[in-house]
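In: Need a 3D model of the sequence below.
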Amino acid sequence: MNPLVLSILISSLGLGTTITFIGSHWLLIWMGLEINTMAIIPLMIQQQHPRAVEATTKYFLTQATASALLLFAGTTNAWMTGQWDITEMMNPVSATLITIALALKIGLAPMHFWLPEVLQGLNLITGLILSTWQKLAPFAILFQLNHLLNPHLLTLFGILSIIVGGWGGLNQTQLRKILAYSSIAHLGWMIVILHYAPNLTLLNLILYIFMTTSMFLLFNTFNTTKINSIASSTTKSPLLTIITLTTLLSLSGLPPLTGFMPKWLILQELTKQNLTIPATIMALATLLSLFFYLRLCYATTLTLTPNPINHSSSWRTKLNQSNLILTLTTSTSIFLLPLTPSMLTLMS
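Out: Prediction:
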């Protein structure tokens, strides 16, 4: 892609998210989300591959539906209350519509159907943008509306997302689909606690972005998109293979890694709110996600290569290039658990 076109698209991505961040008018927020969607579509379709075209079409139709529903919710609220300010939304119908629209935008269950298929048709770098940056603008709206939305509906969507994210990833062999279901499960944790402790949602979102960025960059470094071919990573870089193992375990939420921090704090807060049954369901549903993370760990570090599975092998060249972003994200994904009190104080 032309560097000038690429810089314009990246700038538009930043502009759309920034407009949504600073906006308090429904039309301005809708405009920011539309700029964001229009900017990523050329990045998604740049491969000129039928799967990329299919993924781009699905993404466009889904985001157009969510944007139309969002605009309809804002118009309904303005009709009922006489104002366009996002922080003054008191109409229950508008609150429900905006919850459904934002759930469709970020891929919450039961509106998750598009995310695995879209992510499967993209390359790893574009998938990274879709899984991280594209979540920021909808969450900015959710943070502004957290005291106005129905907490029971948010809890229902969150628990469904955790169960679907764990269940859907069990039988997958494509790494991008596994990361998509992992994203759905993590989004469920963020949504459940949004009404009761928005600071924990923000903490979970930041750590999710770091851990997901690490995984996409590691898979991109190994140039692998399937479980069958990930076993050859040990011959390319044993150190990066160990980092991949620990990052996967951190994504699963095992102590003493960073990913344990948000799950621990969220379960603690839900218990304080006398929501022990949802907390128990969430903790048990996480075991489903843990299974496919451990399956990936097994394929990465304990499977010898070459193996009897028929697949095209990649060149086993050593990786000598340094990557500062990968170093920072992996370090953050693994070593932040001792800083939990400081991060909680900073988020409060």
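
In: all helices of the stretch 101-250 of the chain, in order?
Out: Secondary structure of the stretch 101-250 of the chain, counting by DSSP state H, counting those that start in this stretch: helices at 114-120, 124-131, 136-145, 151-168, 175-194, 198-222, 233-236, 238-252.

In: Would you mind finding the most buried of those?
Out: Each of the helices of the stretch 101-250 of the chain was scored by mean neighbour count; the highest is helix 175-194, a mean of 26, by mean count of other CB atoms under 10 Å. Using the backbone N, CA and C atoms, a C-beta is placed for each residue, glycine as well.

In: tilt between that one and helix 136-145?
Out: Going by axes from the mean of the first three to the mean of the last three CA atoms, to 10 degrees, helix 175-194 is angled at 10 degrees with respect to helix 136-145.

In: average pLDDT for stretch 245-259?
Out: For stretch 245-259, mean pLDDT rounds to 91.

In: swap that for stretch 283-290, sorry
Out: Per-residue pLDDT values over stretch 283-290 give a mean of 93.

In: TSV for the helices of the stretch 101-250 of the chain, including distance to Leu302?
Out: Below are those laid out as TSV (distance: least, CB to CB, whole Å):
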stretch	distance to Leu302
helix 114-120	26
helix 124-131	24
helix 136-145	36
helix 151-168	22
helix 175-194	17
helix 198-222	16
helix 233-236	10
helix 238-252	9
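
In: I'd like to know which of the ones you listed lies nearest to Leu27.
Out: When the helices of the stretch 101-250 of the chain are ranked by proximity to Leu27, the top entry is helix 136-145, at 13.3 Å, counting by CB to CB.

In: and the angle for that closest one with helix 151-168?
Out: In terms of direction (the same axes, to 10 degrees), helix 136-145 departs from helix 151-168 by 150 degrees.

In: What lies in contact with helix 136-145?
Out: Judged by CB atoms under 8 Å, 6 or more residues apart in numbering, the contacts made with helix 136-145 from elsewhere in the structure are 16-17, 20-21, 24, 29, 32-33, 36, 86-87, 89, 95, 98, 102, 105-106, 149, 190-191, 194, 198, 201-202, 205.

In: Of these, just the buried ones, ChimeraX syntax please.
Out: Selecting only the buried entries of the contacts of helix 136-145 in ChimeraX, with 16 or more other CB atoms under 10 Å as the criterion:
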select :16,17,20,29,32,33,36,86,89,95,98,102,105,106,149,190,191,194,198,201,205
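
In: Take the contacts of helix 136-145 and keep only those in strands.
Out: With strands identified by DSSP state E, none of the entries of these belong to them.

In: How is the protein divided into domains?
Out: Following automatic domain parsing, one gets these domains for the chain: 1-149, 182-348.

In: of all those, which lies closest to Arg176?
Out: Here domain 1-149 is closest among the domains of the chain (CB to CB), at 4.9 Å.

In: and that closest one, how far apart are its ends?
Out: One end of domain 1-149 to the other measures 42 Å (CA to CA, to the nearest Å).

In: repeat for stretch 130-141
Out: Start-to-end span of stretch 130-141 (CA to CA) is 18 Å.

In: now stretch 141-158
Out: Using CA to CA, the distance between the terminal residues of stretch 141-158 is 17 Å.

In: Low-confidence bits of the stretch 1-150 of the chain, can you list those?
Out: Within the stretch 1-150 of the chain, the ranges that satisfy pLDDT under 70 run 89.

In: Against Leu27, how distant is the closest residue to Gly166 other than its chain neighbours?
Out: Nearest in space to Gly166, with sequence neighbours left out and distances taken as CB to CB, 6 or more residues apart in numbering, is Leu288 at 2.7 Å. For Leu288, the distance to Leu27 under the criterion CB to CB, to the nearest Å works out to 41 Å.

In: Pull stretch 98-109 out as PDB, backbone CA atoms only.
Out: Only the C-alpha atoms of stretch 98-109 are listed here, as PDB (Å, rounded to 0.1, in the frame of the first residue of the first chain):
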ATOM      1  CA  ILE A  98     -27.500   1.700  22.800                       C
ATOM      2  CA  THR A  99     -26.400  -1.400  24.900                       C
ATOM      3  CA  ILE A 100     -27.300  -3.700  22.000                       C
ATOM      4  CA  ALA A 101     -25.600  -1.500  19.400                       C
ATOM      5  CA  LEU A 102     -22.400  -1.200  21.300                       C
ATOM      6  CA  ALA A 103     -22.400  -5.000  22.000                       C
ATOM      7  CA  LEU A 104     -22.700  -5.600  18.300                       C
ATOM      8  CA  LYS A 105     -19.900  -3.200  17.600                       C
ATOM      9  CA  ILE A 106     -17.400  -4.800  20.000                       C
ATOM     10  CA  GLY A 107     -18.500  -8.400  19.500                       C
ATOM     11  CA  LEU A 108     -20.300  -9.300  22.700                       C
ATOM     12  CA  ALA A 109     -22.400 -12.500  22.800                       C
END
